[in-house]
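S.K.: only the shape, not the letters, is given here:
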Ligand SMILES: C[S@@+](CC[C@H](N)C(=O)[O-])C[C@H]1O[C@@H](n2cnc3c(N)ncnc32)[C@H](O)[C@@H]1O
Ligand SMILES: Nc1nc2[nH]cc(C(=O)O)c2c(=O)[nH]1
Ligand code: SF4
Ligand SMILES: [Mg+2]
């Protein structure tokens, strides 16, 4: 028997659902966007409804890695988070794959009771009522270079589900002019959300090997181009940031 957080009147029979976990690691720093530089633990779920051409986390996306994703209870996940953090509360980043697929509400409630905070990274394709419980919601709509379709209605549903709960931002990966134009258009649909732009890493890690090398010159070149475009367009509310963890550790996993 378990209770649904925030709905104590709802008591469900049976075991609480498990959460499919690809990896739990940290503390490291958040390398991207609003919370860049802030110490955090990553809880990466397995499985995604997208398959972006340049995804840097395919080990948490492709079903051939399914065997590596462990169904874990909230208690088991929490034991690991507490071990890694030494029991000292910090920001827990829920990423994936698409973490919105997983039943994360009880995990968030459990951590909040212990003083931890939660940021979630998602592409905005699946909305959940428990988005309202988050501290930070990072919506990262996928631009044309990803090969994925954009569904503005789903993005709106995510924003509506979160309501006034979390701080919410948009984060775009930019490879080219079409991606830049996409970021401009989608941002205009959500004028109240702060915007973060990051250059794409065009040599994402092959999921089956641990070669961490990146094309640093290429990423730097794209980042300079991105700054030029933002300045040219006088997009003065945008933030342009690199993936700091990629600059520090390349494509190494678990950092
Ligand atoms: C691996 S995704 C997981 C969360 C969710 N599926 C999403 O895409 O937002 C985490 C973040 O990494 C970004 N990302 C993935 N591959 C990238 C790449 N090759 N270069 C730059 N950012 C990338 C995504 O756009 C997203 O903002
Ligand atoms: N340090 C670090 N920062 C990150 N920000 C977003 C990440 C992700 O894969 O979701 C990520 C990651 O994998 N590592
Ligand atoms: S949505 Fe995120 S995790 Fe899924 S394939 Fe795209 S970048 Fe990777
Ligand atoms: Mg990553």
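M.R.: Cool, the structure landed. Since we're looking at a predicted model, the values are computed, not measured. Numbering: from 1, shown residues only. Ligands and ions are numbered 1, 2, ... in the order given.
S.K.: residue 240: neighbour count?
M.R.: 18 (other CB atoms under 10 Å). Yep, even glycine has a C-beta here, placed from its N, CA and C like the rest.
S.K.: so who does it touch?
M.R.: Shown in contact with residue 240 (CB atoms under 8 Å, 6 or more residues apart in numbering): 196, 197, 198, 223, 226, 227, 230.
S.K.: same question for residue 233.
M.R.: Taking CB under 8 Å, 6+ apart, one finds residue 184 in contact with residue 233.
S.K.: so how far is residue 210 from it?
M.R.: Relative to residue 210, residue 233 is positioned 39 Å away (CB to CB, to the nearest Å).
S.K.: before we move on, the earlier item: quick one: buried ones out of the contacts of residue 240?
M.R.: 196, 197, 198, 223, 226, 230 (16 or more other CB atoms under 10 Å).
S.K.: overlap between these and the residues near ligand 1?
M.R.: residue 198 (CB under 6 Å from any ligand atom).
S.K.: including distance to residue 23, pLDDT and secondary structure, could the buried ones among the contacts of residue 240 go into CSV?
M.R.: Formatted as CSV, the buried ones among the contacts of residue 240 follow (distance: CB to CB, whole Å; pLDDT from 0 to 100; DSSP: H, G, I helix; E, B strand; the rest coil):
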residue, distance to residue 23, pLDDT, secondary structure
196, 24, 99, strand
197, 27, 98, strand
198, 21, 98, strand
223, 27, 97, helix
226, 29, 98, helix
230, 33, 98, helix
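S.K.: regarding the most centrally placed residue in the chain, what is its secondary structure?
M.R.: Residue closest to the mean C-alpha point of the chain, counted by CA atoms, centre = their mean, is residue 121 at 2.1 Å. Secondary structure state of residue 121, per DSSP: H, G, I helix; E, B strand; the rest coil, is strand.
S.K.: touching, it and residue 93? I think so.
M.R.: Yes: here residue 121 lies in contact with residue 93, judged by CB atoms under 8 Å, at a distance of 6.7 Å.
S.K.: can you give me the strands for the protein?
M.R.: 2-4, 7-12, 19-29, 39-45, 70-72, 91-95, 117-122, 136-139, 167-174, 195-199, 238-240 (DSSP state E).
S.K.: those: which one's closest to ligand 2?
M.R.: Nearest to ligand 2 among those is strand 91-95; the distance by CB to the nearest ligand atom comes to 3.3 Å.
S.K.: so what pairs up with the residue nearest to the centre of the chain in the strands?
M.R.: residue 138 (DSSP bridges).
S.K.: what count of nearby residues applies to residue 168?
M.R.: If we define neighbours as other CB under 10 Å, then residue 168 has 21 of them.
S.K.: contacting residues for the nearest residue to residue 98 once chain neighbours are set aside?
M.R.: Nearest non-adjacent residue to residue 98, counting by CB to CB, 6 or more residues apart in numbering: residue 48, 4.6 Å away. Contacts for residue 48 (CB under 8 Å, 6+ apart) come out as 55, 60, 61, 96, 97, 98, 101.
S.K.: the same query, at a cut-off of 10 Å, please.
M.R.: 55, 57-58, 60-63, 96-101, 122-123, 125 (CB atoms under 10 Å, 6 or more residues apart in numbering).
S.K.: for ChimeraX, what selects the buried ones among the residues you listed?
M.R.: In ChimeraX syntax, the buried subset of these is picked out as below (16+ other CB under 10 Å):
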select :55,57,58,60,61,62,96,97,98,99,100,101,122,123,125
